[in-house]
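Student: I'd like to go over a predicted model; first the sequence, then the structure.
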Amino acid sequence: MSPFALLTIFVLTLLPLPALTFSLCRTSCNNIPINYPFGVDDGCGAPQYRRMLNCSTNLLFITPSGTYRVQGIDYNKKTLTIYDPSMSTCSILQPHHDFVMSEIQSVIIPPAPDTVFALLNCSIDSPVLNHYKSLCFNFSGHSCDELYGSCTSFRLFHLLSNNTPPCCFTGYDTVKYMSMNILDCTHYTTVYDTDGLHGVAPLDWIYGIKLSYSVPDTGCDRCGLSGGTCGFDVETEGMVCICSITTNATRECGAGSITSGRDRQRAFALLQLASFVLALGAAFYVIL
């Protein structure tokens, strides 16, 4: 091999290749489709939902109070259902626990209106039974007596106190602003699709939390029709249309697709340096 070729190969191997800003986005996790505005790979989906979902063996929803398994996502109704493994249900009694969301989660993906938080075994001094009694409401015709009487786990409260301890059916805003300690209730459970639970016994309630999300209007449909995937720049969080591992566009894939600005600069600098090395190598070869 000529000295010119050896020199060229040696120098080029020392040059840093353009960094790949984006990876292709996974479209499912454990058989649950992952579509916009969600993403499990950084740079995919909408930046407002960044790092809210994690894909390990299961799809997980992450909040300040813990990690919750995603049971399903309905993209037509724009809802996502999760299950809190630490909450009590009709069949299991768990230790005291709070459900806490971040400020942005409370705004863009809060619990849906048909998700009810049942605060259990409350003291007679509980705020929701006194100053904030209006926060409690009728839940599909169900009562505390029914809950304590039908559920094996909650029946314990009745046995210990020899009466029916107060409870409160309320919405997420109550537990958002007041912790379980402030509410002075020892346990809670959550059920969703409550509109369809009239006449349904607690053993057959759908336990979990349904979240209702909104989709940012960023022109994502245009990107999808062009064969791309909606995402964002991981540094600026500006919307981009991901066309391939190395290429993205501002709105849609096609003739106008470009690499990211930082990658274009690196690629251009690499091309200039490679040209210089080739010229230098040619001159060196002539001298020899």
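Tutor: Thanks, I have it.

Student: Helices of the stretch 1-150 of the chain, start to end?
Tutor: Listed in chain order, the helices of the stretch 1-150 of the chain (DSSP state H, counting those that start in this stretch) span 3-14, 103-108, 144-150.

Student: Remind me what the helix or strand following the last one packs against, helices and strands.
Tutor: Stepping forward along the backbone from helix 144-150, the first helix or strand reached (DSSP states H and E) is helix 155-161. Packing contacts for helix 155-161, counted by 3 or more Cβ pairs under 8 Å, 6 or more residues apart in numbering; DSSP states H and E, involve helix 144-150. For the C-beta atoms, the positions are set from N, CA and C on the backbone; glycine is no exception.

Student: Name the residues that touch the helix it packs on?
Tutor: 90, 118, 120, 154-155, 157-158, 164-167, 201-203 (Cβ atoms under 8 Å, 6 or more residues apart in numbering).

Student: how far out from the middle of the chain is it?
Tutor: Using Cα atoms, centre = their mean, to the nearest Å, the distance from the centre of helix 144-150 to the centre of the chain it belongs to is 34 Å.

Student: tell me the mean pLDDT for it?
Tutor: On average, the pLDDT along helix 144-150 is 86.

Student: pull the CA atoms of it into PDB?
Tutor: What follows is helix 144-150, C-alpha atoms only, in PDB (Å, rounded to 0.1, in the frame of the first residue of the first chain):
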ATOM      1  CA  CYS A 144     -69.100   3.600  52.700                       C
ATOM      2  CA  ASP A 145     -71.300   0.900  54.200                       C
ATOM      3  CA  GLU A 146     -71.300  -1.000  50.900                       C
ATOM      4  CA  LEU A 147     -67.500  -0.600  50.500                       C
ATOM      5  CA  TYR A 148     -66.700  -1.800  54.000                       C
ATOM      6  CA  GLY A 149     -69.200  -4.600  53.900                       C
ATOM      7  CA  SER A 150     -68.400  -6.100  50.400                       C
END
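
Student: buried sites along it?
Tutor: In terms of neighbour count (16 or more other Cβ atoms under 10 Å), helix 144-150 has its buried residues at 144, 147-148, 150.

Student: of those residues, closest to Cys25?
Tutor: Distances from Cys25 to the buried residues of helix 144-150, taken as Cβ to Cβ, are shortest for Leu147 (43.0 Å).

Student: Name the residue closest to the centre of this structure, please.
Tutor: With the centre of the chain defined as its mean C-alpha position, the nearest residue by Cα atoms, centre = their mean is Met52, 3.0 Å away.

Student: Quickly note the distance from Gly171 to Gly227.
Tutor: 42 Å (Cβ to Cβ, to the nearest Å).

Student: Pick out whichever of the two has more residues nearby.
Tutor: Neighbours around Gly171 and Gly227, counted as other Cβ atoms under 10 Å, are more numerous at Gly171. The numbers are 18 against 13.
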